[in-house]
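Participant: sequence? don't have it. structure:
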């Protein structure tokens, strides 16, 4: 299966983001990198914990804290930053409050491979 990245812009939604990240870890096919673009103030302890969990599963965890003195606030800017950071050509940009079904990535990637 092809490698793909997951980009998640977020703004002060630790609880919702945690639930999304848990559903990513339960996927039958997992991304090889997860990129979090923080437009708010996620706690450093939260980021470190998530990084450790994902790296145990051999998924690169990239955290980017936006510098509002240099970067605009907002979803579009966060998505653009994520696109620049991603290492793969196949990208999923997910809202921070989603909960994915267990075979979400598997089913989408299967369609991708059948139609590439």
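Facilitator: Noted; the coordinates are in hand. Quick caveat, the model's predicted, so the values are computed rather than measured. Numbers count the residues shown, from 1 in each chain.
Participant: need the contact list for residue 99.
Facilitator: The contact partners of residue 99, taken as Cβ atoms under 8 Å, 6 or more residues apart in numbering, are 19-20, 23. In short, each C-beta sits where N, CA and C put it, glycine included.
Participant: which of the residues you listed has the most neighbours?
Facilitator: Among the contacts of residue 99, residue 20 has the most neighbours (other Cβ atoms under 10 Å), with 22 neighbours.
Participant: if I look at it, how far off is residue 14?
Facilitator: Using Cβ to Cβ, to the nearest Å, residue 20 is found at 11 Å from residue 14.
Participant: List the buried residues of the strand or helix carrying residue 46.
Facilitator: Residue 46 is located in helix 44-56, with elements delineated by DSSP states H and E. Residues of helix 44-56 classed as buried: 47, 50-51, 54 (neighbour count, 16 or more other Cβ atoms under 10 Å).
Participant: Considering those, which is situated nearest to residue 116?
Facilitator: residue 54 (26.9 Å; Cβ to Cβ).
Participant: Mind listing what's buried along the helix or strand of the chain with the lowest mean pLDDT?
Facilitator: The helix or strand of the chain with the poorest confidence is helix 104-115; it has a mean of 94 (mean pLDDT, DSSP states H and E). The neighbour-count criterion (16+ other Cβ under 10 Å) identifies 104-105, 109 as the buried residues of helix 104-115.
Participant: hang on, the earlier thing: from the contacts of residue 99, which single one is nearest residue 29?
Facilitator: Distance ranking of those against residue 29, using Cβ to Cβ, places residue 23 first at 12.9 Å.
Participant: ok, now how distant is that closest one from residue 56?
Facilitator: Applying Cβ to Cβ, one obtains 17 Å for the distance of residue 23 from residue 56.
Participant: likewise residue 109?
Facilitator: If you measure residue 109 against residue 56 using Cβ to Cβ, the figure is 22 Å.
Participant: for residue 105, same thing?
Facilitator: Here residue 105 is placed at a distance of 19 Å from residue 56 (Cβ to Cβ).
Participant: which intervals of the protein have sub-threshold pLDDT?
Facilitator: Along the chain, the model assigns pLDDT under 70 to residues 1.
Participant: No further queries at this time; thank you.
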